[in-house]
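*Asks:* give me a 3D structure for the following:
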Amino acid sequence: MGSRQNTLYPYQHTAFFDKKSLEFLAKKTGFTLHSLEFYGLDVMDYLCMKQYDDQYDYFDKLREAVPLLQAVIDKQGIGNHLRVIFKKTKNV
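*Replies:* So this is what the prediction gives:
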């Protein structure tokens, strides 16, 4: 998707926001990483872009595969949306 990406660039943002970097940030600021979950929209974002470019309804043809494909991406920890919960441990 390159410059047409509507969020941070894929494969660049994951280098900044992975479990290790979030744990580091938490430790430096008096928190612990309580939970980290990936709930991306990678497949839908891409299909919407392709549908616009090609004027073809990809989603209609791939509707059943989208949740499975996205689950695989999320399970690998590379989805484009994260849910992060920190827990305060001390005053810094």
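
*Asks:* hey, let's count contacts and neighbours off CA atoms from now on
*Replies:* OK.

*Asks:* F59: neighbouring residues, count only.
*Replies:* 16 (other CA atoms under 10 Å).

*Asks:* for V84, list the residues it contacts.
*Replies:* 33-37 (CA atoms under 8 Å, 6 or more residues apart in numbering).

*Asks:* where does it land in three-state SS?
*Replies:* strand (DSSP: H, G, I helix; E, B strand; the rest coil).

*Asks:* top of the contacts of V84 by number of neighbours, please.
*Replies:* Of the contacts of V84, with other CA under 10 Å as the count, L33 tops at 18 neighbours.

*Asks:* now that that residue has come up, it's in contact with I85, right?
*Replies:* Yes: counting by CA atoms under 8 Å, I85 is a contact partner of L33 at 6.4 Å.

*Asks:* from Q70, how far off is L82?
*Replies:* Here the criterion is CA to CA, to the nearest Å. By it, L82 lies 13 Å from Q70.

*Asks:* so what sits against both of the two?
*Replies:* Joint contacts of L82 and Q70 (CA under 8 Å, 6+ apart) are G40.

*Asks:* which one of those two has more residues nearby?
*Replies:* Q70 (20 against 17).

*Asks:* if you drop the residues flanking it in sequence, what lies closest to the more buried one?
*Replies:* V43 (6.1 Å; CA to CA, 6 or more residues apart in numbering).

*Asks:* contacting residues for the one you found?
*Replies:* 66, 69-70.

*Asks:* out of the residues you listed, which are inside helices?
*Replies:* Using DSSP state H to define helices, the subset of these located there is 66, 69-70.

*Asks:* help me confirm that L25 is found in a helix?
*Replies:* Yes: L25: assigned to a helix according to three-state DSSP.

*Asks:* could you check how far it is from F86?
*Replies:* For L25 relative to F86 (CA to CA), the value is 10 Å.

*Asks:* G77 now?
*Replies:* For G77, the distance to F86 - CA to CA - is 18 Å.

*Asks:* which one of those two is surrounded by more residues?
*Replies:* Set G77 next to F86 and count neighbours by other CA under 10 Å: G77 wins out with 20 against 16.

*Asks:* which residue is the nearest non-sequential neighbour of the more buried one?
*Replies:* F38 (6.2 Å).
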